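In: One predicted model, sequence on top.
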Amino acid sequence: MEVRVTAGVASNRLWVENAGTGRVKIKISVTAIAEKFKANAAVLALLSKKFGRPKGNFRLVRGKTSKNKLYEIVE
């Protein structure tokens, strides 16, 4: 799943956008700052909570240091 992350905001939030191209993008805002991968950890926690799956079921495929990330859900 494609995810666009904004770090250092007032509240944690996850929502879905459809860009009109038939592709759905998940947008996530987290209060954690983008330093020492704190924001990535916050994104993982939010995905886990929203999808009701353990954190270990999400694998970051691309975008470790980018706002645009690609996660894979694994069993």
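Out: All right, it came through fine.

In: Would you double-check that residue 40 falls in a strand?
Out: No: counting by DSSP: H, G, I helix; E, B strand; the rest coil, residue 40 falls outside a strand, being helix.

In: Measure how buried it is and give me the count.
Out: Residue 40 has 19 neighbours, counted by other Cβ atoms under 10 Å. Backbone N, C-alpha and C define where each C-beta goes, glycine included.

In: do the same with residue 50
Out: Residue 50: 12 surrounding residues under other Cβ under 10 Å.

In: contacting residues around residue 1?
Out: The neighbourhood of residue 1, defined by Cβ atoms under 8 Å, 6 or more residues apart in numbering, consists of 26, 70-73.

In: can you do 7 Å?
Out: Neighbouring residues of residue 1 by Cβ atoms under 7 Å, 6 or more residues apart in numbering: 26, 71.

In: who touches residue 17 in this structure?
Out: Residues near residue 17 by Cβ under 7 Å, 6+ apart: 25, 27.

In: Just checking, which helix or strand succeeds the strand or helix carrying it along the chain?
Out: Taking DSSP states H and E as the criterion, residue 17 maps to strand 13-18. Heading C-terminal from strand 13-18, the first helix or strand you meet, by DSSP H and E, is strand 24-30.

In: follow-up on the earlier one: so how far is the strand holding residue 17 off the chain centroid?
Out: Relative to its chain's centre, strand 13-18 lies at 10 Å (Cα atoms, centre = their mean, to the nearest Å).

In: what's the angle between it and strand 24-30?
Out: Orientation check (axes from the mean of the first three to the mean of the last three Cα atoms, to 10 degrees): strand 13-18 against strand 24-30 gives 160 degrees.
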